[in-house]
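Q: Got a sequence here, can you build the structure:
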Amino acid sequence: HRDLHSFPTRRSSDLYHQRNRISSQEELSFGARFATLEELMAQSDYILVQLPLNDSTRGLIGKKALQAVKPGAMLINTARADLVEPVALIEALDSGRLAGVAMDVGYSEPWHPDDPLLKYKDGRVIAMPHTAVGDRKVGLEDLAEMCRNIWRVLDNRRTGRRR
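A: Take a look at the predicted model:
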């Protein structure tokens, strides 16, 4: 799997960046071209972040990467918020260099009401409550199970039974 994806609007291949480059045969079969992080940021209209959070990836997309971003680009983080340095992200949004960001997970869970990203009311920030990756069927099953559990608690209080 590729860690950072780019979906340029006028290219015949996608750019990607990750710690370990895939083979040229795999690049050809995926229609992908390896790029440094700064190249990827500078050439991409849409940047998709998909990598695990650990000591080597925390803050990977920081000030240098966000200063290299193509004006008008969109950043979509379906992984962990801490992969993107928050102060640099706000600076990139405020400068207008980054047109928008979508994040499935905030810097705190649930999103803290004072999170600076929530101040944007113009549609440039999409903040999901860690549900973007969820399957609708699974979500409905979870909701049904939650309702059954609530009913059990209420029913037990009404009848005095303990389970």
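Q: Provide the partner residues of the residue most central in space within the chain in its beta bridges.
A: Computing the C-alpha centroid of the chain and ranking residues by C-alpha atoms, centre = their mean puts Asn77 first, at 1.6 Å. Beta bridges link Asn77 to Val49, Met103 when assigned by DSSP bridges.
Q: heads up, I number from 858, so please use that
A: Right, with 858 as the first residue, what we last looked at is Asn934.
Q: Confirm that Ile1007 sits in a helix.
A: Yes. Counting by DSSP: H, G, I helix; E, B strand; the rest coil, Ile1007 is found in a helix.
Q: if I look at it, how far off is Met985?
A: From Ile1007 across to Met985, the span is 24 Å (C-beta to C-beta, to the nearest Å). Using the backbone N, CA and C atoms, a C-beta is placed for each residue, glycine as well.
Q: more neighbours, those two?
A: Met985 (16 against 10; other C-beta atoms under 10 Å).
Q: can you pull the pLDDT of that one?
A: Listed pLDDT for Met985 reads 83.
Q: mean confidence for stretch 878-894?
A: The model assigns stretch 878-894 a mean pLDDT of 91.
Q: what about it, start to end distance?
A: 12 Å (C-alpha to C-alpha, to the nearest Å).
Q: which parts of that stretch are buried?
A: Within stretch 878-894, the residues that count as buried by 16 or more other C-beta atoms under 10 Å are 879, 884, 889-890, 892, 894.
Q: Provide a list of residues in contact with the closest residue to Ala945 other than its chain neighbours.
A: Closest residue to Ala945 apart from its sequence neighbours, by C-beta to C-beta, 6 or more residues apart in numbering: Lys920 at 4.2 Å. Going by C-beta atoms under 8 Å, 6 or more residues apart in numbering, Lys920 touches 942, 944-945, 948.
Q: how about Ile983, secondary structure?
A: Strictly by three-state DSSP, Ile983 counts as strand.
Q: do Val995 as well
A: Quick answer, by three-state DSSP: Val995 is helix.
Q: I'd like to know how many residues surround it.
A: Val995, neighbours per other C-beta under 10 Å, totals 9.
Q: roughly how far apart are it and Glu1002?
A: 10 Å.
Q: what do you get for Ser952?
A: 45 Å.
Q: quick one: buried residues of the helix or strand that contains Lys921?
A: Using DSSP states H and E, Lys921 sits within helix 920-925. Buried residues in helix 920-925, counted by 16+ other C-beta under 10 Å: 922-923, 925.
Q: Same list (those) but as a markdown table, adding pLDDT and distance to Pro967.
A: Putting the buried residues of helix 920-925 into a markdown table (pLDDT from 0 to 100; distance: C-beta to C-beta, whole Å) gives the following:
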| residue | pLDDT | distance to Pro967 |
| --- | --- | --- |
| Ala922 | 95 | 27 |
| Leu923 | 96 | 25 |
| Ala925 | 95 | 32 |
